[in-house]
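okay, sequence plus prediction incoming.
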There are 4 protein chains.
Amino acid sequence: MARRAGSTGAETAEKLRNAALELFARSGYAAVSMREIAAETGVQAGAIYNHFPTKQDLLNELLQVHMETLLNAWSEAEEPGLTPPQALEHFVRFHIRYHLAKSREVFISYMELRNLEAANFSAIEGLRRRYESVPRAILDRGAADGTFDIVDPQVTTMAIIAMLNGMTTWYRENGRLSLDEIEALYVRLVARLVGQKKED
Amino acid sequence: MARRAGSTGAETAEKLRNAALELFARSGYAAVSMREIAAETGVQAGAIYNHFPTKQDLLNELLQVHMETLLNAWSEAEEPGLTPPQALEHFVRFHIRYHLAKSREVFISYMELRNLEAANFSAIEGLRRRYESVPRAILDRGAADGTFDIVDPQVTTMAIIAMLNGMTTWYRENGRLSLDEIEALYVRLVARLVGQKKED
Amino acid sequence: MARRAGSTGAETAEKLRNAALELFARSGYAAVSMREIAAETGVQAGAIYNHFPTKQDLLNELLQVHMETLLNAWSEAEEPGLTPPQALEHFVRFHIRYHLAKSREVFISYMELRNLEAANFSAIEGLRRRYESVPRAILDRGAADGTFDIVDPQVTTMAIIAMLNGMTTWYRENGRLSLDEIEALYVRLVARLVGQKKED
Amino acid sequence: MARRAGSTGAETAEKLRNAALELFARSGYAAVSMREIAAETGVQAGAIYNHFPTKQDLLNELLQVHMETLLNAWSEAEEPGLTPPQALEHFVRFHIRYHLAKSREVFISYMELRNLEAANFSAIEGLRRRYESVPRAILDRGAADGTFDIVDPQVTTMAIIAMLNGMTTWYRENGRLSLDEIEALYVRLVARLVGQKKED
DNA sequence: TATGAATGAGACTTCATTCAT
DNA sequence: GATGAATGAAGTCTCATTCAT
C-alpha cells in the first residue's frame, strides 16, 4: 500500500519519536523492539526505516535533541545581571520545572547513555558537561564574591544536580506537595549546600 | 561431557552471579544474553539453568541478596546511643563506603528495578524503604531534639540519598579526592542540608 | 533479504501448510521442528511467523480446515430422498473416497488431537461429533422404518467409523484391491453391521 | 548420593516403565522428556540410564513386552477344539478384555510405531502380524467349513480388529454399558461381519 | 545405583533490518 | 512513504545424554 491519505512524513516521524520516547522510558532501549514502536504508532516496522536509519539513531536523536533543547531553553531563560544567590535560585527553579516537564527525556538521558555507541555517547556527554557548567559557574561567582561558602565546587555542583534529579524518581502530580512548594524547598536546600549567608 | 573434575555446583553458581552482576552493570539486564553470562563463566548457556531457573531469577537474586546484605551490614554497623549529628555522620560514612564497595550492586539495584516482575519488584521496594527509614529516623530525632533544622523531612531524606548516590556516577579510584576526603566532604554537605547548628 | 521477486504471502502460507501437513503426518507434531517445516518450504524458520503466530496455530488451522472441509464436502455430496440403505451406501462411499484422498489430514486429525490446546481441542471435537451424527442419523432412520436391524445405534455408529478409518492404515495404491473394489466390500460389510435385510 | 535405602534396581526400573507408559500414552513419546519420566518416578534424569540405555530403548521395551505379553496371554487363553463361531466369540471377548485392561499399552503400540527405529519397528510389526493371524485363521476355518460367509478374509480381519480397537477410544468405566454388555454387543457385530449363519 | 552438574545440540520464537511492490 | 514478506542472527530455555562423585 502507498502512504495513507492524510499522513505526512513529518507527522509519522514525530509519532515515532513520541512512541520511542515513551517506550524507552518505560521499558528501556534494549527491551523495546522496533515492532513495538511501530505498533504504538500504527505503522509497520519497516516504515520506521523511512524516517530513522537504525534503532540506535532513533535513541541518539532523542537524546541529542533533548540536550540541545535543554541548553537552548536555558539560553532563553538565563537572566544576566543577577547576583549569585538570585542566579542559583533562578537555575534551580528552571531545572526543576524543565526536568519535570520533560521527565521521560531526562530519564532516558541518564538511563540509556550506556546504550549509545561511542561517538554518540561522547557528543551527549559534551552537551551534558556544558549544562553542568551552568551551576558550576554560578557557584564559582558566588565563591568569588563571598556570597557563598562552598565546600568543594566540583563536588557541590554534582551534589546539587544529583539532588535535584532525584526528585524525578518520587515526584507525583497530585502528591503531598505542589510544584511551587517543591521548588521553594529545593531552593532552600540548595542555598544551604552552597553555604549561602542568609536564606533568601 | 558431565561435570568436570574438581568443579562444584556452588562454585559455578557463584561464578555465574559474579558474571551476571558485572555484565548487568555494564550493559543492562535486557542487553545481556544468557550466552554471554555463560561464556564469561566458561560453561554452556544451558548449564546456567542448573543453578537459576530463569534469567529473571538471576537478576532477582542479585538484587534481593544485595538489599538484604545492605540491611544486615547496617545492622552490624549501627551504633546506638549516638547523638543525631553523630548518628548522621556515622550513616553517611557507612553509606558512602558501602556503596562504593558494592557499586555494581547499587547501580543495578537502581537501574534494573523496572526489569523486575511485579512480585520481585515489590519485595525489593520494601527493602529499599526499610533502608531509607534509617536516615529518616535520624532526621526525625534531630528535629525533635532541636539539633537539626529540617526543611521537610521527607524531601530532605530523599535529597540526602540522591546526593550520596550521585557520587557513584563520578567517583574514580585514584581521582582527585581520596575516599576519606570524599566522606568528609559529604558529611559536611549533609550537615548543611539538615541545618545542623555547628558543623561537626 | 526481503521478499523475493515473484513470491506472495498466500503462496508461502500454502506451501507451509502443505509441508506441515506432510511432516506432521509422517513424524508427528511434537517431533517436527519449525526449522524442518521451513526447510521443506525453502524459507527461514522465522518467516513462518509471518503466516502463523505459533506452531500450535499451524496444527490447529490444519485440523480446523480439514474438519470444516469434510463437513462442507458432505453437505455437497448429501442426497436427500434416499432410502436408509441407499443413504448408508452413499455415505460409506463418500467417506472412503474422501478419507483416502485426504489421508494425511485424516491421520493427523486422529493422532494429534492430544497435542491441541484445550480450546482448540474442544472446537475440533465438536466438528467431529457433527460428522459422526451423519451416519448415526441414517442408522436411526433405518431402525425406525425397519430396513435396518441395529444392535445398538451408538456402538454400531462408532464401529462403522472405526472400521472405515482402519482402512487408511493398510490401504496402498496399487495394492491387491482397487478403490472401487474396496468401496464395494465396505458397503457390504456395513450393510451386515446394520442388519440390512437384503444386501443391496 | 548412593542408592536410597529400601529401593532396588528392579523396583526403580519398574517404576520407570510405569511412568513412561503413562506419560507416553498421555502426551506422546516425542513430547515426553526423560526429566518428566524421572520426576514422576522420584529420581533424577541421569538415573534412568542405569536401567535403559536410551529413551528409544524405553519405548521399544514397552512395546516389545506388550506384544509378547499379548501373544502369551492368547496362548494361555486359547482353547483348541472350539468351532469357528465359538472360537471367534472367544477371541473377541479375549481381545476386548485384554485391550481394555492394557489400554495404555495398546494405545501407544498403535500411536508410537512411527517413533520406533527401523529394526525395532520391524520386530513389533512381526509380532503384530502374528497376533492378527489369530482371527484370520479362525475366519479361514469358518470359511472352509461353511459356518462363515466371508466377504474378503483379509479385509474382514482388518475390519474386525479396527472395530474392536475403536472401542478403546470411547469406552469409559461407569459408562452407559457394562463391560459384559459391550462384549456381547461386539460378539454379535463380529458375527454379522463374518456372515455367521445364526447369531450365537 | 543415584545424584547433580555438565555438554552440545536444538527447541520455539523474536529481533533489526532489507526490499519488491 | 508504506506494506508485508523475507533474512540471518540471536534470544531464552529444554533436550538426551554423559560422567565424577
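Here it is on my side, so go on.

up against chain B, what does chain A have?
Residues of chain A found near chain B (Cβ under 8 Å from any Cβ of the partner chain) are A:26-28, A:30-31, A:111, A:114-115, A:151-152, A:154-156, A:158-159, A:161-163, A:165-167, A:169-170, A:176-177, A:182, A:185-186, A:188-189, A:192-193, A:195. Any C-beta I mention is one placed from the backbone N, CA and C, and that applies to glycine too.

just the buried residues of those.
Neighbour counting by 16 or more other Cβ atoms under 10 Å in any protein chain shown classes A:28, A:30-31, A:111, A:115, A:151-152, A:155-156, A:158-159, A:161-163, A:165-167, A:182, A:185-186, A:188-189, A:192-193, A:195 among these as buried.

filter the residues you listed down to just the ones in helices.
A:111, A:155-156, A:158-159, A:161-163, A:165-167, A:182, A:185-186, A:188-189, A:192-193 (DSSP state H).

ok, longest helix in chain A?
Counting by DSSP H, the longest helix found in chain A is helix A:118-145.

gap between the residue of chain A found nearest chain C and A:D57?
Chain C sits closest to A:G46 of chain A, with a gap of 8.5 Å, by Cβ to the nearest Cβ. As for A:G46, its distance to A:D57 is 16 Å (criterion: Cβ to Cβ, to the nearest Å).

now do A:R97
30 Å.

and the next helix or strand past the helix or strand harbouring A:I37?
A:I37 is located in helix A:34-41, with elements delineated by DSSP states H and E. Counting by DSSP H and E, the next helix or strand C-terminal to helix A:34-41 is helix A:45-48.

which elements pack onto that next one?
Applying 3 or more Cβ pairs under 8 Å, 6 or more residues apart in numbering or on different chains; DSSP states H and E, one finds that helix A:45-48 contacts helix A:34-41.

what residues sit buried inside stretch A:38-49?
For stretch A:38-49, a neighbour-count test (16+ other Cβ under 10 Å) marks A:38, A:40-41, A:43, A:48 as buried.

give the contact list for A:F94.
Residues counted as contacts of A:F94 (Cβ atoms under 8 Å, 6 or more residues apart in numbering or on different chains) are A:73-74, A:77.

check A:K197 too.
By Cβ under 8 Å, 6+ apart, A:K197 lies in contact with A:147, A:149.

break chain A down into its structural domains.
Domains of chain A are assigned by automatic domain parsing as A:1-52, A:54-193.

the most centrally placed residue in chain A and chain D, how far apart?
Chain A has A:V106 as the residue nearest its centroid, 3.5 Å off, counting by Cα atoms, centre = their mean. Separation of A:V106 from chain D (Cβ to the nearest Cβ, to the nearest Å): 48 Å.

and what of A:T12?
Distance, A:T12 to chain D, by Cβ to the nearest Cβ: 46 Å.

what's the pLDDT at that residue?
For A:T12, the pLDDT comes out at 93.

measure it to A:T41 for me?
7 Å.

please apply the same query to A:L88.
From A:L88 across to A:T41, the span is 41 Å (Cβ to Cβ).

check the secondary structure at A:D149 for me.
What DSSP: H, G, I helix; E, B strand; the rest coil gives for A:D149 is coil.

follow-up on the earlier one: and for the residue nearest to the centre of chain A, nearest residue in space, chain neighbours not counted?
Leaving aside its sequence neighbours, A:V106 sits nearest to A:H99 (Cβ to Cβ, 6 or more residues apart in numbering or on different chains; 4.9 Å).

and for the one you found, the neighbour number?
A count of neighbours around A:H99, defined by other Cβ atoms under 10 Å in any protein chain shown, yields 19.

buried set for the helix or strand harbouring the residue nearest to the centre of chain A?
In this assignment (DSSP H and E), A:V106 forms part of helix A:103-111. Residues of helix A:103-111 classed as buried by neighbour count (16+ other Cβ under 10 Å): A:104-109, A:111.

stretch A:46-61 too?
If you call a residue buried by 16+ other Cβ under 10 Å, then stretch A:46-61 has these buried ones: A:48, A:51-52, A:55, A:58-61.

how about CSV for those, with pLDDT added?
Below are those laid out as CSV (pLDDT from 0 to 100):
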residue, pLDDT
A:I48, 97
A:H51, 97
A:F52, 97
A:K55, 98
A:L58, 97
A:L59, 98
A:N60, 97
A:E61, 97
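
low pLDDT regions in chain A?
For chain A, the stretches flagged by pLDDT under 70 are A:1-8, A:198-200.

so out of everything in it, what residue is nearest DNA strand F?
Here chain A gets closest to DNA strand F at one residue, A:G46, 2.3 Å apart by Cβ to the nearest atom of the strand.

how far away is that residue from A:Q56?
Counting by Cβ to Cβ - A:G46 and A:Q56 are separated by 17 Å.

now swap in A:A144 and tell me
Computed as Cβ to Cβ, the A:A144 to A:Q56 distance reads 43 Å.

is A:E68 within a helix or a strand, and which one?
Counting by DSSP H and E, A:E68 is part of helix A:55-77.

please see if that helix touches DNA strand F.
No: against DNA strand F, helix A:55-77 shows no contacts by Cβ under 7 Å from any atom of the strand, the least distance being 12.3 Å.

can you give me the angle the helix or strand just after that helix makes with helix A:103-111?
Counting by DSSP H and E, the element after helix A:55-77 in chain order, helix or strand, is helix A:84-101. Relative orientation of helix A:84-101 and helix A:103-111, computed by axes from the mean of the first three to the mean of the last three Cα atoms, to 10 degrees: 100 degrees.

tell me which residues of helix A:84-101 come out buried.
Going by neighbour count (16+ other Cβ under 10 Å), the buried part of helix A:84-101 is A:84-85, A:87-100.

find the pair from the residues you listed with maximum spatial separation.
The largest separation in these, counting by Cβ to Cβ, is between A:P84 and A:L100 at 24.5 Å.

count of neighbours near the residue lying closest to A:I150 once chain neighbours are set aside?
Nearest residue to A:I150 in three dimensions, chain neighbours excluded: A:A143, at 4.7 Å (Cβ to Cβ, 6+ apart). Neighbourhood size, A:A143 [other Cβ under 10 Å]: 17.

how much space between A:A143 and C:Y131?
Relative to C:Y131, A:A143 is positioned 91 Å away (Cβ to Cβ).

repeat for A:A119
A:A119 is 66 Å from C:Y131, by Cβ to Cβ.

what does A:S33 give?
According to Cβ to Cβ, A:S33 and C:Y131 sit 43 Å apart.

quick revisit: pick out whichever of A:A119 and C:Y131 has more residues nearby.
C:Y131 (15 against 8).

so who does A:T156 touch?
A:139, A:150, A:193-194, B:189.

from those, which is closest to chain D?
Nearest to chain D among those is B:L189, at 57.1 Å by Cβ to the nearest Cβ.

was I right about that closest one contacting A:V151?
Yes: taking Cβ atoms under 8 Å as the definition, B:L189 is a contact partner of A:V151 at 6.0 Å.

which phi and psi does A:D149 have?
According to degrees, to the nearest 10, the main-chain angles of A:D149 amount to phi -120, psi 90.

for the buried residues of stretch A:38-49, which one is nearest D:R17?
Distance to D:R17 across the buried residues of stretch A:38-49 (Cβ to Cβ) is lowest for A:A38, with 53.1 Å.

which residues touch that closest one?
Neighbouring residues of A:A38 by Cβ under 8 Å, 6+ apart: A:16, A:44-45, A:47-48.

excluding covalently adjacent residues, which one is nearest to A:Y98?
Leaving aside its sequence neighbours, A:Y98 sits nearest to A:A73 (Cβ to Cβ, 6+ apart; 5.9 Å).

okay but A:Y110 is in contact with A:N165, surely?
Yes: assessed by Cβ under 8 Å, A:Y110 is found in contact with A:N165 at 7.2 Å.

overlap in contacts of the two?
Common contacts of A:Y110 and A:N165, defined by Cβ under 8 Å, 6+ apart, are absent altogether.

what residues does chain A put near DNA strand E?
Close to DNA strand E, as judged by Cβ under 7 Å from any atom of the strand, chain A has residues A:32-36, A:45-46, A:48-49, A:53-56.

that'll do, ta.
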